[in-house]
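J.: Build me a model from this:
(2 chains)
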There are 2 protein chains.
Amino acid sequence: MSRPYVDFEAGVRKQATIPDGALSLGLAGTAPGLVLERNGSVIVVLPGPPAELQRLWARALETDPVRRVLSRAQPPELRQLRFFGASESVVAKALADAGGDGEGVEATICARDFEIHVDLVVAPGAESRADELSAGLVGPIERYLFSRDDRPVEEMVLDLCRERGLALVTAESCTGGMVAERLSSVPGSSDVFLGGVVAYADEIKVRRLGVPAEVLERHGAVSAETAAAMATGARERLGAEVAVAVTGIAGPGGGSAEKPVGLVYLHVEGPGGGRSVDFVFPGDRQSIRRRAAATALHLVRRLLQQHRDEAV
Amino acid sequence: MSRPYVDFEAGVRKQATIPDGALSLGLAGTAPGLVLERNGSVIVVLPGPPAELQRLWARALETDPVRRVLSRAQPPELRQLRFFGASESVVAKALADAGGDGEGVEATICARDFEIHVDLVVAPGAESRADELSAGLVGPIERYLFSRDDRPVEEMVLDLCRERGLALVTAESCTGGMVAERLSSVPGSSDVFLGGVVAYADEIKVRRLGVPAEVLERHGAVSAETAAAMATGARERLGAEVAVAVTGIAGPGGGSAEKPVGLVYLHVEGPGGGRSVDFVFPGDRQSIRRRAAATALHLVRRLLQQHRDEAV
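T.: From the prediction side, this is the model:
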């Protein structure tokens, strides 16, 4: 018996033991949590797996010892800047050129899902320094700035559709359902997001999205023309105002000199017209697919924000 | 300038510096890798992000110092047992009842994507101890064992379809494209996986999958009858031999006393008939969706393995 979990009873007993004076947070599954106060310090014991940690953390916040700690703390202000389309080093250079962090403003730069997230943690009194830094940072790269809050882009897209009373559908080839999956991951998305077609085989592109066979023959399944036809077909056949389509070569096979692995065509179509983009994305199959899905969501966002700006 | 990455030039210079006597592995993006030999030890320096690490690790394996280390090592045998449908503690108990690890066999149990993976690392000479342990462990929980290799279930499903010349499609409501996404994540999946319909709105279930409006009215969108009709519709309309359908309540809203959050109906239909299951899955929205997607893939696997067994 070299590992504790192999010994079933001992493992469970260990998990059920509560130190003297500790407050039990109950269980997340079989994982326990505790709050313990010793010599004026408050210790919170939580399980490691994120889902279990998050469940018990909420309960920890409700205990008196943790409440007392929090009531003494002055939370620093958090400002968020989110960019899409600029690289991490371009954003880092803009931050440096703007004076860098320090003097009460702490900056972190984080690349996530092909977006660049900048968090400014502002100490009390450093607000005007933060205003300056933030303005200086955003200035030269403003066209990449898409958000000042922490809503994921799929939620922004759904909110933009909801504001304008537009229904949204997807038509996906190489991303295989990833765009739909991200949209439907948002609670309450069903009032705006109707669904989509994963048209992996060409026959489904023709029969279920109405892509003309001539378009596929002349331009190929991976082409701007096919992407546009997929979006048009999805809008009409699924009965929505906005449709976004993705077709590309995720690899590792299927590439050619003319159409290399990573080549992706995207098209969004709304009531006021459409937008097309294409890229050759780097990385492996899953990275290309994830990048294409993120780009699809940002493409819808840009179309809808443009419309909103025009209306204003 | 409190953080190195804010200083653009210094950061790049640091990444471009090679210690004396080190072997450069080149770059993954801007991240460098090195191999260094000192006092008979070989040090491999790799970037942290998994994709970058994996790219440079392949190159590290080709360097002479790493080759020399590997040529001296005797790789232990790895045996894999994968279970679905049993909890981690049930598998841990079966392992303990079978005698537990030790005596040249190291066992690790890992819950991943709602599967339980047991790895046995077998030292040279401990093969018969491993045979015994493995037989004793599997015996009482054999019906949950689905694999003795490390193929993900989506790859097993595609292989089973390929062996039998069957095309596969999906019809998803609450999982919103997650099943299609997992199937299309496998390179080369397009010869078997044709695509699917994400039928999030009821109208798409009716118009694109041919679910009878009466079925929706009488039984509701979340019902065994709707799941079966979705699978039948997907098979016929998308032109495949096998279709799997998922409909459920992912929450956090939309639950009722009769149909609580987490309730999911799944149906798979193949040339030899169908199979239905339903569950009330625990967890949050994303956890319910991920569990439903995993269950859908295992449901297809079971149907196809049953057919294969019958044919043998």
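J.: and the helix or strand A:L27 falls within, does that touch chain B?
T.: Using DSSP states H and E, the element containing A:L27 is strand A:23-28. No - contact of strand A:23-28 with chain B (CB under 8 Å from any CB of the partner chain) is absent, the minimum separation being 10.2 Å. Where you see a C-beta, it was placed from the backbone N, CA and C, and this is true even at glycine.
J.: That strand: how far from the chain's middle?
T.: Centroid separation for strand A:23-28 versus its chain: 31 Å, with CA atoms, centre = their mean, to the nearest Å.
J.: That one pairs with which strands?
T.: strand A:31-38 (antiparallel) (DSSP bridges).
J.: any idea which helix or strand comes after the partner strand?
T.: Next helix or strand after strand A:31-38 toward the C-terminus (DSSP H and E): strand A:41-45.
J.: returning to that earlier point: could you pull up the mean pLDDT of the strand holding A:L27?
T.: For strand A:23-28, mean pLDDT rounds to 90.
J.: Over to stretch A:225-245?
T.: 98.
J.: helix or strand for A:F146, which one?
T.: Going by DSSP H and E, A:F146 is part of strand A:145-147.
J.: C-alpha coordinates for the helix or strand following that strand, CSV please?
T.: Later in the chain than strand A:145-147, the nearest helix or strand by DSSP H and E is helix A:153-164. Listed next in CSV are the C-alpha coordinates belonging to helix A:153-164 (Å, rounded to 0.1, in the frame of the first residue of the first chain):
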residue,chain,number,x,y,z
VAL,A,153,-16.4,37.5,-27.0
GLU,A,154,-19.2,34.9,-27.4
GLU,A,155,-21.1,36.7,-24.7
MET,A,156,-20.5,40.1,-26.4
VAL,A,157,-21.7,38.7,-29.7
LEU,A,158,-24.9,37.3,-28.0
ASP,A,159,-25.5,40.7,-26.2
LEU,A,160,-25.0,42.6,-29.5
CYS,A,161,-27.5,40.3,-31.2
ARG,A,162,-30.0,40.6,-28.3
GLU,A,163,-29.8,44.4,-28.3
ARG,A,164,-30.7,44.5,-32.0
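J.: can I assume A:Q74 sits in a helix?
T.: No - using DSSP: H, G, I helix; E, B strand; the rest coil, the secondary structure at A:Q74 is coil, not a helix.
J.: neighbours around it, how many?
T.: 6 (other CB atoms under 10 Å in any protein chain shown).
J.: Contact partners for it?
T.: Contacts for A:Q74 were tallied using CB atoms under 8 Å, 6 or more residues apart in numbering or on different chains; they are A:P124.
J.: A:D278 too?
T.: Counted by CB under 8 Å, 6+ apart, A:D278 has contacts A:A224, A:L263, A:V264, A:Y265, A:L266.
J.: which element follows the strand or helix carrying A:Q80 toward the C-terminus?
T.: Element membership for A:Q80, per DSSP H and E: strand A:77-84. Note on strand A:77-84: by DSSP H and E, the next helix or strand toward the C-terminus is helix A:88-97.
J.: Okay, now the unreliable bits of the stretch 201-312 of chain A?
T.: A:307-312 (pLDDT under 70).
J.: Near chain B, which residues of it? Just list them.
T.: A:201, A:203-204, A:207-208, A:237-239, A:251-253, A:283-287, A:289.
J.: Looking at the contacts of A:D278, which is nearest B:L61?
T.: Nearest to B:L61 among those: A:L263, at 30.0 Å, using CB to CB.
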